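Novice: With the input below, show me the fold.
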Amino acid sequence: MHHDVSGLAELRAEEITAWFGNHKVLDRVSLTMPAGGITALIGPSGCGKSTFLRILNRMHELVPSAQLAGQVLLDGEDIYDPDKRLIDARRSIGMVFQKPNPFPAMSIRENVLAGLKLTGTTASKSAKAALVEECLIKGGLWNEVKDRLDAPGGGLSGGQQQRLCIARSLAVKPRVLLMDEPCSALDPTSTRVIEETMLELAREVTIVIVTHNMQQAARVSDTCAFFLAAQGTPGVIVEHGDTKAMFSHPRDERTADYVHGRFG
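Specialist: I've put the predicted structure just below:
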């Protein structure tokens, strides 16, 4: 699963502590997410995985009471550096959400191109057509929609809508793609298609996925991080490393309990 990683982005979180108001939800979490790999964040609900994911592209700060300490380094540069613009972090580090959220009234084509407006990217008609095709191919949707690019995005099935969202996020050429339980609202067949899409995409983008599905983490990820929040304490990473090793020989018995379905 390991590809040529030249030109691919490493993402590194250092000592991330996060709060909502005075409620601390993560405590000094550090994690390296290797370039050109798929990193899975696993653990029970409420242990800070989704918060951690949102910190990785500066979405955490959209919550009024949210605060943060620590650094997020994209190829060694802190995305929270005061000289760095929010829009640059969002352009470099894309996000696919749990529920597919295409713009329902916009056509399939317009959905793919939607991000260009946000980032102020201009392109000729032919360049746009090429981009739409390229992103829908990468999103694993092209063959199903190529003859109806003007149909509304909301008319697609749930699994197709999620692939459209992946294609949309790829159009601005991100270096990292964050995925927050991207298959939890989908049927097994759609889930399998999206997993195959992820494995293809990892050749050119670094992927970080939050998943509750242990089989999914085992199937798609190279690296895994197990988050846990003991009663009344903030989330921490109990164990992280090579996925196969972590599933077959976990170092911590709490990891063994979790990956073998004994709790959470």
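Novice: Now do D81, the pLDDT please.
Specialist: Looking at D81, its pLDDT stands at 94.
Novice: Does it belong to a helix, a strand or coil?
Specialist: Here D81 is coil, with the state taken from DSSP: H, G, I helix; E, B strand; the rest coil.
Novice: What is the burial count for it?
Specialist: D81: 12 surrounding residues under other CB atoms under 10 Å. C-betas here are computed from N, CA, C, even on glycine.
Novice: what sits against it?
Specialist: By CB atoms under 8 Å, 6 or more residues apart in numbering, the contact set of D81 is empty.
Novice: residue ranges of the helices in this structure, please?
Specialist: Taking DSSP state H as the criterion, the chain carries its helices at 49-55, 86-92, 108-119, 125-138, 142-145, 158-170, 188-201, 214-220, 243-248, 253-259.
Novice: residues of the fifth one that come out buried?
Specialist: Within helix 142-145, the residues that count as buried by 16 or more other CB atoms under 10 Å are W142, V145.
Novice: N101 contacts I166, doesn't it?
Specialist: No: with contact defined as CB atoms under 8 Å, N101 does not count as touching I166 (11.7 Å).
Novice: Counting neighbours, go ahead and name the busier of the two.
Specialist: I166 (25 against 14).
Novice: For D180, name its beta-bridge partners.
Specialist: Here D180 shows beta-bridge partners V210, assigned using DSSP bridges.
Novice: Any idea how many residues pack against it?
Specialist: D180 is flanked by 20 other residues according to other CB under 10 Å.
Novice: Just list the residues touching it, thanks.
Specialist: Taking CB under 8 Å, 6+ apart, we find D180 in contact with S50, L53, R54, M95, V96, F97, Q98, V210.
Novice: measure it to P174 for me?
Specialist: Applying CB to CB, to the nearest Å, the value for D180 to P174 is 15 Å.
Novice: contacting residues for K128?
Specialist: L113, L116.
Novice: How confident is the prediction for it, by pLDDT?
Specialist: Residue-level pLDDT assigned to K128 equals 94.
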